[in-house]
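Undergrad: Sequence and predicted structure, then a few things I'm wondering about:
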Amino acid sequence: MAIAQKAIPSAAKIKLLIWGQPGTGKSRVALSSPAPLVVDLEGSTALYAGEFDFLLAEKDLRKGEEKPDISSCTTLVKAITDEIIAGVYPGVETLVIDPVTDYLDELEGLLAAQYEKRLKDISVADLSGIQRAKYYAYRREETRKRLDKIKALPLNIVLVARSRLVWEGQSGNLRPAGETADVPAIVESVMDVVVQMQKREGGKYKGVVTKTRLGTREGEVEFADFADLMGQLKAFEEKARAPRVTARPGKSNGTPYIGQIDSTAQQQGAAAAAPATTATLSKKQVDEVWHLLRGDRQLASELVKVFRCKRLEEITAQALPELLAKAEELVAKKYPVEEPDPDPEEEDETLTPMEVALLEMQIGAFLNAEEVEEALRERFSRHYTKLWRKELAEAEEIIAKVGLPF
């Protein structure tokens, strides 16, 4: 029998990350999935046994010769995964890990301990910039391997995660800017659907779809259960995009985006007023503008008003040159930068290409890479690629201080 077979949409298994604050219905939505087996990592899912029909796996500190070690989050997930592969649960159609936040937190600690064994007497907390970048790359790759093993199971996968605050500003002046899933960024990138749950109003669940491979719909959605959510995402044909919360360019951590400043009614009105054949900005073009604005929501608000829109996605692609020019004007006005002339006596003391590349690796290893770059620009009044070699040590200290690990 040939390995490759004709793809059938109905045979696809869904990989869903669902996250949000307590009381938004995360666990209930997960339990409404087809024939679920729940890996309960906080010991509370049994409370739903009178409402849903499901298999339950919990941690057990007792040890015996005839059963595997399931005393921790990581050992329990591994044991259940191995049993599913072995065919122990033929009737199960969905694997639920609730909350996956606990599993990934424990995994992070284990990976740190394993990496420290390689380093002998050095703790990961004491690593220098380039060493820390290598550790983060190792941790990301090992986390991906474990997620890939879970995803490879012939089941629907539902990962339930808690939420955490996202902060903006510089060190010493941080302020909450929104919330995101309390998981590493790699988790969102490998899932098919990502839904942020919101407080319920009435009988249906409410959420914001920030990623889907099942169709074109992203934005607010109301649904009765897992099947209703999946059905809406598969059947939806985009006519008007709902308000959305998506990640900043280059990240997958759920940081609130410009799309938060719009409203559905205003957006639909603008769409109705525009010619049906007029192409609007692509996501890549919107990301380009967002990067140029340095993620400044105030500037974004001013910019869209100039073009008589409520969000960047409504602006026509034809207006992109004018849009970029206006964005540069607004940024230059708010963030004036005076580039110092190079000192002729120190021209040979600028960073080498290798040193610039190492700095880029250090910055890119952090969740808030854009904030790190902005901190460097604020301190040195120019881009980090134009630093003097004598400023390199101070730059690395700033990167280590401001950077937020994945």
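TA: Arrived safely. What you see is a predicted model, and the numbers here were worked out from it, not measured in a lab.

Undergrad: what ranges do the helices span in this protein?
TA: For the chain, the helices defined by DSSP state H cover 26-31, 73-85, 100-119, 129-151, 185-190, 226-235, 264-273, 283-292, 297-306, 320-334, 353-364, 369-380, 392-402.

Undergrad: Of these, give the one that comes closest to I18.
TA: Nearest to I18 among the helices of the chain is helix 26-31; the distance by Cβ to Cβ comes to 5.4 Å. Quick note: C-beta positions are derived from backbone N, CA and C, even for glycine.

Undergrad: Can I get that closest one in PDB, CA atoms only?
TA: Only the C-alpha atoms of helix 26-31 are listed here, as PDB (Å, rounded to 0.1, in the frame of the first residue of the first chain):
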ATOM      1  CA  LYS A  26     -11.800  27.000  28.600                       C
ATOM      2  CA  SER A  27     -12.200  23.600  30.300                       C
ATOM      3  CA  ARG A  28     -15.800  23.200  29.300                       C
ATOM      4  CA  VAL A  29     -15.100  23.900  25.700                       C
ATOM      5  CA  ALA A  30     -12.300  21.400  25.800                       C
ATOM      6  CA  LEU A  31     -14.500  18.800  27.400                       C
END
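
Undergrad: just to revisit the earlier point, so which of the helices of the chain gets nearest K13?
TA: Closest to K13 of those is helix 129-151 (Cβ to Cβ; 8.9 Å).

Undergrad: sorry, back to before: which one of the helices of the chain is the most hemmed in?
TA: Each of these was scored by mean neighbour count; the highest is helix 26-31, a mean of 23, by mean count of other Cβ atoms under 10 Å.

Undergrad: Any idea how far that one is from the middle of the chain?
TA: Here helix 26-31 is found 20 Å from its chain centre; the criterion is Cα atoms, centre = their mean, to the nearest Å.

Undergrad: what do you get for stretch 76-95?
TA: 27 Å.

Undergrad: Now do that stretch: distance from first to last residue.
TA: 13 Å (Cα to Cα, to the nearest Å).

Undergrad: Of the helices of the chain, which shows the lowest average pLDDT?
TA: Least confidently modelled of these is helix 264-273, at a mean of 40 by mean pLDDT.

Undergrad: quick one on the thing from earlier: can you redo the helices of the chain as TSV with distance to A177?
TA: As requested, the helices of the chain are exported to TSV (distance: least, Cβ to Cβ, whole Å):
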stretch	distance to A177
helix 26-31	22
helix 73-85	29
helix 100-119	20
helix 129-151	22
helix 185-190	16
helix 226-235	27
helix 264-273	22
helix 283-292	14
helix 297-306	9
helix 320-334	18
helix 353-364	20
helix 369-380	10
helix 392-402	15
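
Undergrad: do you know which of the ones you listed lies nearest A46?
TA: helix 26-31 (11.2 Å).

Undergrad: Summarise which helices and strands that closest one is packed against.
TA: With contacts taken as 3 or more Cβ pairs under 8 Å, 6 or more residues apart in numbering; DSSP states H and E, helix 26-31 sits against strand 15-19, strand 36-40, strand 94-98, strand 156-161, helix 226-235.

Undergrad: Give me the contact list for that helix.
TA: 18-20, 36, 38, 44-45, 48, 51-52, 54, 96, 98, 158, 160-161, 197, 205, 225-226, 229 (Cβ atoms under 8 Å, 6 or more residues apart in numbering).

Undergrad: what about the closest residue to S123 other than its chain neighbours, distance to T316?
TA: Distances taken as Cβ to Cβ, 6 or more residues apart in numbering place E116 nearest to S123, at 6.1 Å, with adjacent residues excluded. Distance, E116 to T316, using Cβ to Cβ, to the nearest Å: 54 Å.

Undergrad: How about S33?
TA: Distance from S33 to T316, counting by Cβ to Cβ: 41 Å.

Undergrad: now A395
TA: Distance from A395 to T316, by Cβ to Cβ: 41 Å.

Undergrad: Give me the neighbour count for the nearest residue to Y136 once chain neighbours are set aside.
TA: The shortest distance from Y136 to any non-neighbouring residue, by Cβ to Cβ, 6+ apart, is to A365 (4.5 Å). By other Cβ atoms under 10 Å, the residues close to A365 number 22.

Undergrad: A365 against Q131, yeah?
TA: No - applying Cβ atoms under 8 Å as the test, A365 and Q131 come out as separate, 10.4 Å apart.

Undergrad: tell me the domain boundaries of this protein?
TA: For the chain, automatic domain parsing gives the domain ranges 12-235, 261-334, 345-402.

Undergrad: could those domains be laid out in JSON lines, adding distance to K6?
TA: As requested, the domains of the chain are exported to JSON lines (distance: least, Cβ to Cβ, whole Å):
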{"stretch": "domain 12-235", "distance to K6": "13"}
{"stretch": "domain 261-334", "distance to K6": "31"}
{"stretch": "domain 345-402", "distance to K6": "40"}
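
Undergrad: Looking at those, which is nearest to A2?
TA: domain 12-235 (18.4 Å).

Undergrad: ok, back up a step: thought the residue nearest to S123 was touching A125?
TA: No - using Cβ under 8 Å, E116 is not in contact with A125, being 9.5 Å away.

Undergrad: Tell me the spacing between S128 and N368.
TA: Where N368 is concerned, S128 sits at a distance of 19 Å (Cβ to Cβ).

Undergrad: would CSV of the helices and strands packed on helix 26-31 with distance to E374 be doable?
TA: Putting the helices and strands packed on helix 26-31 into CSV (distance: least, Cβ to Cβ, whole Å) gives the following:
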stretch, distance to E374
strand 15-19, 27
strand 36-40, 40
strand 94-98, 36
strand 156-161, 28
helix 226-235, 36
